[in-house]
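In: Structure of the sequence below:
(one chain, ligands or ions: 1)
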Amino acid sequence: MHIDILTLFPEMFPGPFQTGIFQRAVDRKLVSLSIHNIRDYTHDRHATADDYPYGGGAGMVMKPEPIFEAVEAIKSGMPEAGEAGPPPVILLSPQGRLFSQSIANELSKHGHLILICGHYEGVDERVGQHLATDEISIGDYVLSGGELAAMVVVDAMARLIPGVLGSPISPLDDSHVSGLLEYPQYTRPPEYRGWSVPEVLLSGNHAQINRWRRQQAILRTSQRRPELLAAANLSPEESQLVKTFINDKTTNHVPRAM
Ligand code: ADE
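Out: Numbering: from 1, shown residues only. Now for the predicted structure:
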């Protein structure tokens, strides 16, 4: 997959993409990343990328011309899109559709993505209307720019590209993939400061371990994010289990170190 990111702050990149799983994916030629400075597509001496909002009001608005020209230059430099069609052009903005694991999964299937990082008070509406094919928000809060949002989207998406993670089954248990939060994980030592690893995990009985993990995922989701359960495809027995959890005060708390 090739990813193009358009930004007014190219110095923020490659940042997190220079380490860990992403860097390994780049080394293995599964992913490539190009960062484009939107100012390189301006034509005046001052490289003006923003201007006052029509109608007045605080702040500046990003001009449409350099953004359109940057996207057009990227598209004209790539081979014919072929069967896959043109790449999605994603505007990061607090007004977009809310990012989720299923959107990450959907994006990971493309061969090419173009991301536009907004800034200032916003981006001229014509970018969202006539250039972007998608608009994504990473949450109901306002960042000072779309760069961190682009990093979040690319990070969550890239690890789902086949081959990027070592084992093809490892993303399957992630929180949110099954609609549930992930079960608790432990490693050695088996006892630490008097806190023991649950016996079942040491048993070597994989059927029992899988049953325990599924129950823990359901318990944890019902404690922390009960609104997720409605879409989580629980069996009738599991739905019954949730009712038991809710009625049982001893399981009905979120463990937290104080
Ligand atoms: N730009 C500013 N805030 C944002 C958000 N919450 N998501 C995506 N892009 C943004």
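In: From here on, just use CA atoms for contacts and neighbour counts.
Out: OK.
In: Write out the residues of the stretch 101-250 of the chain neighbouring the ligand.
Out: 136-146, 149 (Cα under 6 Å from any ligand atom).
In: among those, who's most crowded?
Out: Neighbour tally across those (other Cα atoms under 10 Å): the maximum, 26 neighbours, falls on G146.
In: Dig out what the residue nearest to that one when sequence neighbours are not counted forms beta bridges with.
Out: Distance criterion Cα to Cα, 6 or more residues apart in numbering; nearest residue to G146, sequence neighbours excluded, is C117 at 4.2 Å. Legend: beta-bridge partners of C117 under DSSP bridges are L92.
In: doesn't D4 make contact with C117?
Out: No. Taking contacts as Cα atoms under 8 Å, C117 lies outside contact range of D4: 10.9 Å.
In: Mind checking which of the two has more residues around it?
Out: Comparing C117 with D4 by other Cα under 10 Å, the one with more neighbours is C117, at 22 against 18.
In: Check what pLDDT the more buried one gets.
Out: Looking at C117, its pLDDT reads 98.
In: How about the contacts made by it?
Out: For C117, the contact set (Cα atoms under 8 Å, 6 or more residues apart in numbering) comprises 5-8, 91-93, 145-147, 150.
In: Now, those that are in helices?
Out: When DSSP state H is applied, the contacts of C117 are split such that 147, 150 fall in helices.
In: residues in contact with the nearest residue to G179 once chain neighbours are set aside?
Out: Among residues not flanking G179 along the chain, A232 sits closest, at 4.8 Å (Cα to Cα, 6+ apart). Residues in contact with A232 (Cα under 8 Å, 6+ apart) are 178-180.
In: cool, and D4?
Out: D4 neighbours (Cα under 8 Å, 6+ apart): 33-36, 74, 112-115.
In: Now with 7 Å, please.
Out: D4 makes contact with 33-35, 113-115 under the criterion Cα atoms under 7 Å, 6 or more residues apart in numbering.
In: which residues of this structure score low on pLDDT?
Out: For the chain, residues meeting the criterion pLDDT under 70 lie at 80-83, 168-170, 249-258.
In: That one: helices as residue ranges?
Out: Going by DSSP H, the chain shows helices at 20-27, 64-76, 101-107, 125-130, 147-158, 206-224, 236-247.
In: Return the most buried member of these.
Out: Looking across these with neighbours counted as mean count of other Cα atoms under 10 Å, the highest average goes to helix 147-158: a mean of 20.
In: Tell me what angle that helix forms with helix 20-27.
Out: Put simply, helix 147-158 runs at 70 degrees to helix 20-27, going by axes from the mean of the first three to the mean of the last three Cα atoms, to 10 degrees.
In: hmm, who's touching helix 147-158?
Out: 92, 104-105, 107-108, 115, 117, 138.
In: can you check stretch 125-137 too?
Out: In contact with stretch 125-137 (Cα under 7 Å, 6+ apart) are residues 64, 68, 88-99.
In: could I get those as a markdown table with distance to G56?
Out: Formatted as a markdown table, these follow (distance: Cα to Cα, whole Å):
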| residue | distance to G56 |
| --- | --- |
| P64 | 18 |
| F68 | 24 |
| P88 | 32 |
| V89 | 29 |
| I90 | 27 |
| L91 | 24 |
| L92 | 24 |
| S93 | 21 |
| P94 | 21 |
| Q95 | 21 |
| G96 | 24 |
| R97 | 27 |
| L98 | 29 |
| F99 | 31 |
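In: Show the overlap between the residues you listed and what lies near the ligand.
Out: 92-94.
In: got those residues as JSON lines, with neighbour count columns?
Out: JSON lines is the format used below for those (neighbours: other Cα atoms under 10 Å):
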{"residue": "L92", "neighbour count": "27"}
{"residue": "S93", "neighbour count": "26"}
{"residue": "P94", "neighbour count": "21"}
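In: Just the C-alphas of stretch 147-167, formatted as CSV.
Out: Output in CSV follows, covering the C-alpha atoms of stretch 147-167 (Å, rounded to 0.1, in the frame of the first residue of the first chain):
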residue,chain,number,x,y,z
GLU,A,147,-1.6,15.4,11.6
LEU,A,148,-2.1,13.4,14.8
ALA,A,149,-5.4,12.1,13.5
ALA,A,150,-3.7,11.0,10.2
MET,A,151,-1.1,9.2,12.3
VAL,A,152,-3.8,7.4,14.3
VAL,A,153,-5.7,6.4,11.2
VAL,A,154,-2.5,5.2,9.4
ASP,A,155,-1.3,3.3,12.4
ALA,A,156,-4.6,1.5,13.1
MET,A,157,-5.0,0.7,9.4
ALA,A,158,-1.5,-0.4,8.5
ARG,A,159,-1.2,-3.1,11.1
LEU,A,160,-4.2,-4.8,9.4
ILE,A,161,-2.5,-5.1,6.0
PRO,A,162,-1.8,-8.8,5.4
GLY,A,163,1.8,-9.6,6.4
VAL,A,164,2.4,-6.5,8.5
LEU,A,165,2.0,-8.2,11.8
GLY,A,166,4.1,-11.3,12.3
SER,A,167,1.2,-13.8,12.8
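In: Okay then, goodbye and thanks.
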